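Student: Have a look; sequence and predicted model below, questions after that.
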Amino acid sequence: SKLYPPEIYLELFTPSYLPPWIEENIAGNIPLESALYNIEVKSTLNRRELKSSVEKAKAVNNLVSLETMGHPIVRPNNALFAFSSDLSYSGKSDILRYFEIDPTAKTSPDIRAFCVIGRGYWFHSDNGWIFWKPTNSFTEVAGFIGGILNTVAIMHYMKPYLPIGTYFLDENVEKIKVED
């Protein structure tokens, strides 16, 4: 559906724009306008799991929002975190596999940041893709977390005022100006 995203493992959001709908003992619904980051977590990143993550990120990017109703929004970033990869260390890198799966990855990626422990941290910036090499002290994980925190701080201040009432209004209702 264009209104509900696929399952996301970790969602960073700010309730100060539009609050989430959360029912007791049930996963909540977070308005796209409040979302800052969607992070999918994988135990082992393989081609099938990466393809699934790209499809979910595309679905999130295609969700209907207030933006389509004439109100600008800052869309959330999609990220991926994996504890390992099925690729050999001497073969193709995870970023090259991502480029094969997502045809827009080099210019307008659906997943803007990802980290594979022991393999590295990649993020897309205005200058293209940046690679953070792995170390024995797992600085790639610290870089991934730091990148998310930096982006969240920026995104929080970029979010515009959102008229929540727009969600409850029927845009198809005819409106007539009342004359004196």
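Tutor: Arrived safely. The model shown is predicted, which means the values in this text are computed figures rather than measured ones.
Student: can you tell me the distance between the two ends of stretch 113-127?
Tutor: 14 Å (CA to CA, to the nearest Å).
Student: Counting neighbours, which bits of the longest helix seen in the chain end up buried?
Tutor: Secondary structure of the chain per DSSP state H: the longest helix is helix 139-158. Buried residues in helix 139-158, counted by 16 or more other CB atoms under 10 Å: 140-141, 143-144, 147-148, 151-152, 155. Every C-beta, even on glycine, is put in place using the N, C-alpha and C of the backbone.
Student: Name the next helix or strand downstream of the strand ranked longest in the chain, please.
Tutor: Across the chain, the strand with the greatest residue count (assigned by DSSP state E) is strand 35-45. For strand 35-45, the following helix or strand on the C-terminal side (DSSP states H and E) is helix 47-61.
Student: For the next helix or strand after that next one, report the contacting residues that lie outside it.
Tutor: On the C-terminal side of helix 47-61, the nearest following helix or strand under DSSP H and E is strand 77-85. Outside strand 77-85, the residues within contact range by CB atoms under 8 Å, 6 or more residues apart in numbering are 36-46, 49-50, 53, 56-57, 60-61, 94, 110-119, 144, 148, 151, 155.
Student: Buried members of these into PyMOL, please.
Tutor: A single PyMOL command selects the buried members of these (16+ other CB under 10 Å):
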select buried, resi 36+37+38+39+40+42+45+49+50+53+56+57+60+61+94+110+111+112+113+114+115+116+117+119+144+148+151+155
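Student: Now do the SS call for Asn136.
Tutor: Of the three states, Asn136 takes coil under DSSP: H, G, I helix; E, B strand; the rest coil.
Student: let's have the chain start at 485 instead
Tutor: All set: I'll call the first residue 485, so the last point we hit is now Asn620.
Student: how close does it sit to Tyr573?
Tutor: 14 Å (CB to CB, to the nearest Å).
Student: again, but for Asn546
Tutor: 35 Å.
Student: Next: Ala637.
Tutor: In terms of CB to CB, Ala637 sits 34 Å off from Tyr573.
Student: again, but for Asn634
Tutor: Taking CB to CB, one finds Asn634 at 29 Å from Tyr573.
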